[in-house]
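sequence plus predicted model, see below.
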Amino acid sequence: MWGIAGGVLIAIGVALTLLAGIGLLRLPDAYNRMNAVSKAASLGVACTLVGTVLLMPDVAAAVKTVVAIALQFITAAVGSYALARAAYRTGVPLAQVTRFDELSERSRRGG
């Protein structure tokens, strides 16, 4: 039972990581690419790690997995935010389909 659940979670993790890679290649601008990669890859890593723990249950491995997932979520979110902000400040253009540029509106108002 746990082996099947672990295998399914690993397959989901691989699929999410693959989707992150496809998003990196297919999305129109740097901001959309960072969004896709940070979210899909983080969930992919989490699913893969949880699936691995289900296949090889061990308390020490479970604790390490929880720490690894927490660090992955924190660093992916902070890293993608910092990269997007740096890209915006250096003038990396938005995709033409982007409708709102709240940072531009905020800087014009002085906030």
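Thanks, I have it.

lowest-confidence helix or strand of this protein?
Sorting the helices and strands of the chain by mean pLDDT, DSSP states H and E puts helix 102-109 at the bottom, at a mean of 70.

now do the helices in the chain.
Counting by DSSP state H, residue ranges of the helices within the chain are 2-26, 30-55, 59-89, 102-109.

where does the prediction get shaky in this structure?
Within the chain, the stretches with pLDDT under 70 are 105-111.

returning to what we had before: deepest-packed of the helices of the chain, please.
helix 30-55 (a mean of 19; mean count of other Cβ atoms under 10 Å). C-beta coordinates here come from the backbone N, C-alpha and C atoms, glycine included.

that helix - contacts with which helices or strands?
Helices and strands touching helix 30-55, by 3 or more Cβ pairs under 8 Å, 6 or more residues apart in numbering; DSSP states H and E, are helix 2-26, helix 59-89.

in CSV, list those helices along with distance to V97.
Shown next, in CSV, are the helices and strands packed on helix 30-55 (distance: least, Cβ to Cβ, whole Å):
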stretch, distance to V97
helix 2-26, 13
helix 59-89, 17
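
which stretch among those helices comes nearest L43?
helix 2-26 (5.1 Å; Cβ to Cβ).

what helices and strands are in contact with that closest one?
Counting by 3+ Cβ pairs under 8 Å, 6+ apart, helix 2-26 packs on helix 30-55.

now the helix it packs on, how far from the centre of its chain.
In terms of Cα atoms, centre = their mean, to the nearest Å, the centre of helix 30-55 is set 5 Å apart from its chain centre.

cool, and stretch 93-102?
The answer for stretch 93-102 is 21 Å, by Cα atoms, centre = their mean.

how much space separates S104 from I4?
Applying Cβ to Cβ, to the nearest Å, the value for S104 to I4 is 50 Å.

I meant to write A60 there.
In terms of Cβ to Cβ, A60 sits 24 Å off from I4.

what of V67?
For V67, the distance to I4 - Cβ to Cβ - is 26 Å.

so which of the helices and strands packed on helix 30-55 is nearest R99?
helix 59-89 (15.9 Å).

what angle do the closest one and helix 30-55 make?
With axes from the mean of the first three to the mean of the last three Cα atoms, to 10 degrees defining the directions, helix 59-89 sits at 180 degrees from helix 30-55.
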